[in-house]
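# test case, fold it:
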Amino acid sequence: MSRDLDIDEQELAKFIAALSDFQDLTTDKFKAVEGTWRKCDDSWKGESKDQFTKDFDQTKDMVQRALEAGDDALEWLRKFDDILKEFEQNY
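All right, here's what the predicted structure looks like:
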């Protein structure tokens, strides 16, 4: 029946898994970068450090928004996948 819906459920499941892995990896790697920055923060002084800190904070905010959007997309895709599976079982 999924052919009638024009959706390859296996490919959808692969995409959901890949996006989930990407989200997890990006979150973990960015936390590591933040931790390393905090250690470096005390050893760097001056105007260049202030500019970098400002830029890094902006980047951090953008990355956080992108990760939140990815989490929202994953939630939607998982619900959609559940609906498809339920539809397949019942129709």
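# model confidence over whichever strand or helix holds Asp82, on average?
Using DSSP states H and E, Asp82 falls within helix 47-90. For helix 47-90, mean pLDDT is 94.
# packing partners of that helix?
Helices and strands touching helix 47-90, by 3 or more C-beta pairs under 8 Å, 6 or more residues apart in numbering; DSSP states H and E, are helix 2-5, helix 9-41. All C-beta atoms are positioned from the backbone trio N, CA, C, and that covers glycine.
# show me what the last one is packed up against.
Helices and strands touching helix 9-41, as assessed by 3+ C-beta pairs under 8 Å, 6+ apart, comprise helix 47-90.
# okay, the angle between the helix it packs on and helix 9-41?
160 degrees (axes from the mean of the first three to the mean of the last three C-alpha atoms, to 10 degrees).
# around Lys49, how many other residues sit close by?
By other C-beta atoms under 10 Å, 13 other residues sit near Lys49.
# okay, the nearest residue to it once chain neighbours are set aside: pLDDT?
With C-beta to C-beta, 6 or more residues apart in numbering as the criterion, Lys49 has its nearest non-adjacent residue at 7.9 Å, and that residue is Asp41. pLDDT, Asp41: 75.
# same deal with Arg3?
In this model, Arg3 carries a pLDDT of 48.
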